[in-house]
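Student: Take this sequence and fold it.
(one chain, ligands or ions: 1)
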Amino acid sequence: MVCVRVAVRVRPLNKREKDLSSKVIVHMEGKTTSIINVKDALTNSSEVKPKSFTYDFSYDSSNDEKPNFVSQDKVFTDLGHDVLEDAFEGYNACILAYGQTGSGKSYTMMGNAGDVGLIPRICEGLFSRITHLSQADHTSFHTAVSYLEIYKERVRDLLSEGRCLRVREHPVEGPYVEGLSTPQVHSYSDVEKLMEKGNGSRVTASTAMNDTSSRSHAIFTINFRQAQLDAEQPSETTSKVHLVDLVGSERADAARGGWMRLKEGASINKSLVVLGNVISALADMSMSGGSKMKKKGSFIPYRDSLLTWLLKDSLGGNSKTIMIATISPANVNYTETLSTLRYANRVKNIVNQPTVNEDGSVKIIRELREEIANLKALLEKGTRVSPVGPKQVVSVEEKLHRNEARVLQLTQEWTNKWRETQNILRSSLAAQERSQGRLRL
Ligand SMILES: Nc1ncnc2c1ncn2[C@@H]1O[C@H](COP(=O)(O)OP(=O)(O)OP(=O)(O)O)[C@@H](O)[C@H]1O
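Tutor: I've put the predicted structure just below:
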């Protein structure tokens, strides 16, 4: 069981805030983020105390001349590296960016040209590790990505011209988007092209806080599988990495900037309200050690919005999850910033149960091998000091032979499947190279 980790990141003052002669009211020291209400400070300075919150990380990106300034690279080193580590160990991982419009969610997740964010850095890191590992041993990798947005409670496939799709639930695998494009990718440049295509399809609008404000939740997912045959012991794990840029968290308010149509506002609001409800229910449950849920028979309302339904595993389930809450440093955004800090504080209490996603037959082979080792130890003991009767030794021997035969058969089946996958991979790579004119025949 692990808690959701939370990072808070403050951006520099933007033009609008500077034009309003805004004051910087957010300060960070170590893991602590403090906020002062400037209005209070002006009326009665002696009684005003900053409100302080402690998170796993407090990132000050407000001024690159400050000694504690946190760059895109530092965010990746702290958080992105862990996500890569999780993926290679076979865990699911998720990063969610939450915050007011224009506070830096897209900057943190996607970034700007020349100053890219977590998603491109994680994908680049993934392929540089794959290249390194493929040279060192016989591991094979399969990577596919998808990119969708949820706009007005509808899922749009960003890799397929924004086609609207339905969400369904598989009895074992859980919720999924039916017909979502999940192209296989062989290199970082493959991913770059897809990201560019997807980003171009996102619904954006100009707001008072942000010239290109995203009006939807965007979920970029990496489906990653690795398989290896080491000393006749196969290993195969899969990992799903969700990288999520949520819509601005301010309340739906038609008066704010005058840009938000009511219907859009209401549905954007709805999914964030449900996300808040899910987070509250999960936080309450973990704070009461699970007893509250059992007693009240209540449930987590994942299905009340598409966002929470699709992210069910990431929130309270099988995933190592990180939330990055982005905030503005300016006094004009005091109320929104304080609400984001409180929200992030609540998320810290969510407990997840990540497990390594191991292939079913590989798991059986590993368990059988463990049992074989135990049986052998038992037999050895039996022949030396004879603690078990001869009849029992025979049954242990029989069991040992049965297990060894089963391991041999399963390993053979798995190896055939592995070789087949490698062949498919090789021919798909060759086809791609041919189509790009790189292969000289
Ligand atoms: N840490 C930062 N350093 C420098 N510039 C930043 C930082 N964070 C955000 N910005 C800039 O602020 C502007 C708004 O940021 P961004 O688009 O990431 O906000 P957002 O939270 O995704 O907003 P929305 O919800 O409206 O999509 C952009 O021009 C971005 O480049």
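Student: Okay, now the unreliable bits of this structure?
Tutor: The model of the chain has pLDDT under 70 over residues 40-48, 136-137, 204-213, 231-232, 251-268, 289-298, 382-394, 421-441.
Student: Break it into its domains for me.
Tutor: Per automatic domain parsing, the domain ranges recorded for the chain read 2-352, 360-435.
Student: nearest to the ligand, of those domains?
Tutor: Closest to the ligand of the domains of the chain, according to C-beta to the nearest ligand atom: domain 2-352, at 2.8 Å. Bear in mind the C-beta positions are built from the backbone N, C-alpha and C, glycine included.
Student: Any residue of the closest one touching the ligand?
Tutor: Yes. Judged by C-beta under 6 Å from any ligand atom, domain 2-352 comes into contact with the ligand through 11-12, 14, 61, 99, 101-107, 112, 210, 213-214, 248, 326.
Student: Pull the distance from that domain to the chain's centre.
Tutor: From the chain centre to the centre of domain 2-352 is a distance of 8 Å (C-alpha atoms, centre = their mean, to the nearest Å).
Student: picking up where we left off before, list only those of the residues of domain 2-352 next to the ligand flagged as buried.
Tutor: 11-12, 14, 61, 99, 101-107, 210, 213-214, 248, 326 (16 or more other C-beta atoms under 10 Å).
Student: among these, which are in helices?
Tutor: The helices, defined by DSSP state H, take in 105, 106, 107 from these.
Student: Of those, which is the nearest to residue 195?
Tutor: Closest approach between those and residue 195, by C-beta to C-beta: residue 106, at 12.1 Å.
Student: My read is that the closest one contacts residue 214, right?
Tutor: Yes. Here residue 106 reaches residue 214: they are 5.9 Å apart, a contact under C-beta atoms under 8 Å.
Student: what is in contact with these two at once?
Tutor: With contacts defined as C-beta atoms under 8 Å, 6 or more residues apart in numbering, the residues shared by residue 106 and residue 214 are residue 245.
Student: Buried residues of the helix or strand containing residue 366, list them for me.
Tutor: Secondary structure from DSSP states H and E places residue 366 in helix 360-385. Residues 362, 365, 366, 368, 369, 372, 375, 378, 379, 382 are the ones in helix 360-385 that count as buried (16+ other C-beta under 10 Å).
Student: Quick one: list the elements packing against that helix.
Tutor: If you count contacts as 3 or more C-beta pairs under 8 Å, 6 or more residues apart in numbering; DSSP states H and E, helix 360-385 packs onto strand 233-245, helix 390-435.
Student: quick one: the helices in the protein?
Tutor: Ranges of helices in the chain, per DSSP H, are 15-19, 38-43, 72-75, 81-89, 105-109, 118-136, 188-201, 262-287, 291-296, 306-310, 334-347, 360-385, 390-435.
Student: Of these, which is nearest residue 238?
Tutor: Of these, nearest to residue 238 by C-beta to C-beta is helix 81-89, at 9.5 Å.
Student: Identify the residues contacting the closest one?
Tutor: Residues outside helix 81-89 that contact it (C-beta under 8 Å, 6+ apart): 92-93, 95, 122, 125-126, 129, 222, 224, 226, 237, 239, 241, 320, 322, 354, 356.
Student: do stretch 132-147 as well
Tutor: By C-beta under 8 Å, 6+ apart, stretch 132-147 touches 123, 126-127, 130, 157-159, 177, 180-186, 191, 194-195, 198, 218-230, 418, 421-422, 425.
Student: Which stretch among the domains of the chain is buried most, on average?
Tutor: domain 2-352 (a mean of 18; mean count of other C-beta atoms under 10 Å).
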